[in-house]
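Enquirer: prediction below, plus the sequence it came from.
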Amino acid sequence: MAEQLSNNETETKQQNGDGVHNQILGSADVQLKSSLLVVVGEPFNVEQKDLILERIVIELSAWDVDQSKCDLNQQLSSCSAFQSSNQEAEKRFEHESPELHASILINPSLESTVATVTDFLTRPSTYKYLLHSGPVLQNNGAWLLQDGAFTFHHFQEIVKKLDLQGGEGSVVGDVSLVEKFADWNDALLSKLAPKLKLRLSRPATSLKDETGLIKFSDNISTYLKPFSVADRMKPGDSIGSLNFEQPTCYIFPAGQGTSLVFGIEGFTMLIDGGYKRSCTFWEFVRHLNRIDCMMISRLTYDNIFGLLSFFEKKSTEKGGPDVGVVMLNVGDTRHKTPNPVANNNNGASGHTTSGLIVSIAEEGRLLAEHMSITHLAPPQPVIGSTVHPISLYYKVGHGSLDMYVISPTYDSKELKDYLNQWSKVVDSYKGGIPLVDHLSVSFALL
């Protein structure tokens, strides 16, 4: 896809409000035989970008020409590319012909992905092929999207809802999924809608000619820009311009996570960092001289990426406000893992990813390492044998601010298991209830 998706362009739409670019081509009144949905996630670094594009070619080569009665390579060969000035926004492209309906989502939101997968499953087709290529979580295979993670549970709920509706809205047909990892497995797929023949795609190559697939992948490459802290997080141009005259709370759009700043005169506190790697609180805090206290309640996928970007900015570029103290339940931050920033030959953003699989445990250790570089040793916010307030702020004539930690307790089995697994440098934390959720810090400010 380099200038257009088809020889017959019928409609091009640009929705500036939500950053979605639509390009719909061909006739829409022809009964379709096959449907293709490609969901492409944003790469963390240059290496991931190459792997995403390689995966697209490999997995699309398993397209079943005999069953679909559609030569996918020929269809994609007829596509020439498109251009877009907005590299950060979600992009959506559709190609339609008498043999194929293809939808391509690039760096989509969670809401858009759910809606598109729903439309894909209900579209009248004899053969359907769903491919995701992008970063996934190690523990459950969730797709890491622009503002949240698309899990197998999301897919399960879509199928169940459509199947309960029945009639024209029910899910029917033969669907091949390309995501054989973690929760995406034959055992779970077989328990879904009985009318739906869900199966994981065969690894064997079906297409002999991949010229069109390679061209298709090359065109998608135009829209895949690896995340860069330097590009996305500009330094503040008026440091110290923000002051609080009364107790104030700012809540930031953090995707599936949460992030907020609480401030009073002479004191600022940041609580959590949100899901988005673009660090949604940055546009606000970059104008502050200092963040006196940071509370990181948990190290989970919906909270860690924004914080990582913030501390990467501070450790590599010496930008952003000074940080007084960080409160976080982690093990010894002096334990060193291989430094991905130093060892990355691609000049990529520092994330410890193995291929396209993202380990939150590894991301947590990287966060602790960045804090160590900036000379921050986080105390653990836990309850001791007796409850004592932690004094955060006191000023004669203005008042005081105390923090009471409600959970977790310092001698809990879960905390000991978590710290033990941290010291063993595990890939993911295991427990009945996910340990990082069980140990989420609960506290009150008075």
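Expert: Here it is on my side, so go on. These numbers were taken from a predicted model, which means no experiment stands behind them.

Enquirer: what strand or helix carries Q421?
Expert: helix 413-423 (DSSP states H and E).

Enquirer: what do you get for K161?
Expert: Going by DSSP H and E, K161 is in helix 152-165.

Enquirer: and the strand ranked longest in the chain, C-alpha only, in CSV?
Expert: The single longest strand within the chain, with elements called by DSSP state E, is strand 399-407. Included here for strand 399-407 are C-alpha records, laid out as CSV according to Å, rounded to 0.1, in the frame of the first residue of the first chain:
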residue,chain,number,x,y,z
GLY,A,399,-1.2,22.6,57.7
SER,A,400,0.1,19.1,57.3
LEU,A,401,-0.5,16.0,55.1
ASP,A,402,-0.1,12.5,56.5
MET,A,403,-0.4,9.1,54.7
TYR,A,404,-1.8,6.0,56.3
VAL,A,405,-1.0,2.7,54.5
ILE,A,406,-4.0,0.3,54.7
SER,A,407,-2.5,-2.6,52.8
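
Enquirer: what helices and strands are in contact with it?
Expert: Packing contacts for strand 399-407, counted by 3 or more CB pairs under 8 Å, 6 or more residues apart in numbering; DSSP states H and E, involve strand 390-395, strand 442-445. Quick note: C-beta positions are derived from backbone N, CA and C, even for glycine.

Enquirer: out of these, which is closest to L137?
Expert: Among the helices and strands packed on strand 399-407, the nearest to L137 by CB to CB is strand 442-445 (24.3 Å).

Enquirer: pull that closest one out as CSV, backbone CA atoms only.
Expert: Output of strand 442-445 as CSV, limited to C-alpha atoms (Å, rounded to 0.1, in the frame of the first residue of the first chain):
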residue,chain,number,x,y,z
SER,A,442,-4.1,1.0,49.5
PHE,A,443,-3.6,4.2,51.5
ALA,A,444,-5.4,7.3,52.8
LEU,A,445,-4.2,10.9,52.8
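
Enquirer: how about that strand: buried residues?
Expert: Neighbour counts over strand 442-445 (16 or more other CB atoms under 10 Å) mark 443, 445 as buried.

Enquirer: pull the residues that contact that strand.
Expert: 262, 295, 297, 381, 392, 401-407 (CB atoms under 8 Å, 6 or more residues apart in numbering).

Enquirer: 7 Å - rerun?
Expert: Strand 442-445 is contacted from outside by 381, 401, 403-407, using CB atoms under 7 Å, 6 or more residues apart in numbering.

Enquirer: could you turn the buried ones of these into a PyMOL selection?
Expert: Applying 16+ other CB under 10 Å to those, the buried members can be selected in PyMOL as follows:
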select buried, resi 381+401+403+405
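
Enquirer: so can I have TSV of the contacts of strand 442-445 showing pLDDT and distance to V326?
Expert: TSV is the format used below for the contacts of strand 442-445 (pLDDT from 0 to 100; distance: CB to CB, whole Å):
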residue	pLDDT	distance to V326
P381	84	10
L401	89	17
M403	90	14
Y404	91	19
V405	90	15
I406	87	19
S407	82	19
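
Enquirer: next, give me the two most distant ones among the contacts of strand 442-445.
Expert: The farthest-apart pair in those, when distances are taken by CB to CB, is L401 and S407, at 20.1 Å.

Enquirer: H95: which of the helices and strands packed on strand 399-407 is closest?
Expert: Using CB to CB, those put strand 442-445 closest to H95, at 49.6 Å.

Enquirer: which residue is nearest the middle of the chain?
Expert: Note on the chain: the residue nearest the mean C-alpha position is L144, at 3.0 Å, using CA atoms, centre = their mean.

Enquirer: list the contacts of that residue.
Expert: Per CB under 7 Å, 6+ apart, neighbours of L144: 41, 134-137, 358.

Enquirer: can you mark which positions in stretch 145-163 are buried?
Expert: Buried, per 16+ other CB under 10 Å, within stretch 145-163: 145-152, 154-156, 158-159, 162-163.

Enquirer: quick one, phi psi at F311?
Expert: Note on F311: backbone dihedrals following degrees, to the nearest 10 are phi -70, psi -30.

Enquirer: pretty sure it is touching L367, no?
Expert: Yes: using CB atoms under 7 Å as the test, F311 is close enough to L367 to be in contact (6.2 Å).

Enquirer: so which elements touch the helix holding K161?
Expert: helix 110-122 (3 or more CB pairs under 7 Å, 6 or more residues apart in numbering; DSSP states H and E).

Enquirer: go through the helix it packs on and flag the buried ones.
Expert: Those buried within helix 110-122 under the rule 16+ other CB under 10 Å are 110, 112-114, 116-118, 120-122.

Enquirer: closest to L328 among those residues?
Expert: L110 (26.4 Å).

Enquirer: what ranges in the stretch 201-350 of the chain fall below the confidence cut-off?
Expert: 201-207, 236, 238-241, 319, 331-350 (pLDDT under 70).

Enquirer: give me the element T268 is part of.
Expert: Here T268 is assigned to strand 267-271, by DSSP H and E.

Enquirer: please disregard the earlier target; I meant L36.
Expert: Counting by DSSP H and E, L36 is found in strand 34-40.

Enquirer: returning to what we had before: the strand holding T268 pairs with which strands?
Expert: Strand pairing for strand 267-271, using DSSP bridges, gives strand 260-264 (antiparallel), strand 290-295 (parallel).

Enquirer: report the distance from it to the chain centre.
Expert: 25 Å (CA atoms, centre = their mean, to the nearest Å).

Enquirer: need the residues that contact the helix or strand that it is followed by.
Expert: Using DSSP H and E, the helix or strand that directly follows strand 267-271 along the chain is helix 282-285. By CB under 7 Å, 6+ apart, the surrounding residues in contact with helix 282-285 are 233, 250, 261, 270, 291, 310, 320-321.

Enquirer: and if we set it to 8 Å?
Expert: 233, 242, 250, 252, 261, 270, 291, 309-310, 313, 320-321.

Enquirer: for those residues, which one is nearest I104?
Expert: Looking across the contacts of helix 282-285 and measuring by CB to CB, the closest to I104 is S309, at 27.0 Å.

Enquirer: quick check, that closest one in a helix?
Expert: Yes: counting by DSSP: H, G, I helix; E, B strand; the rest coil, S309 falls inside a helix.
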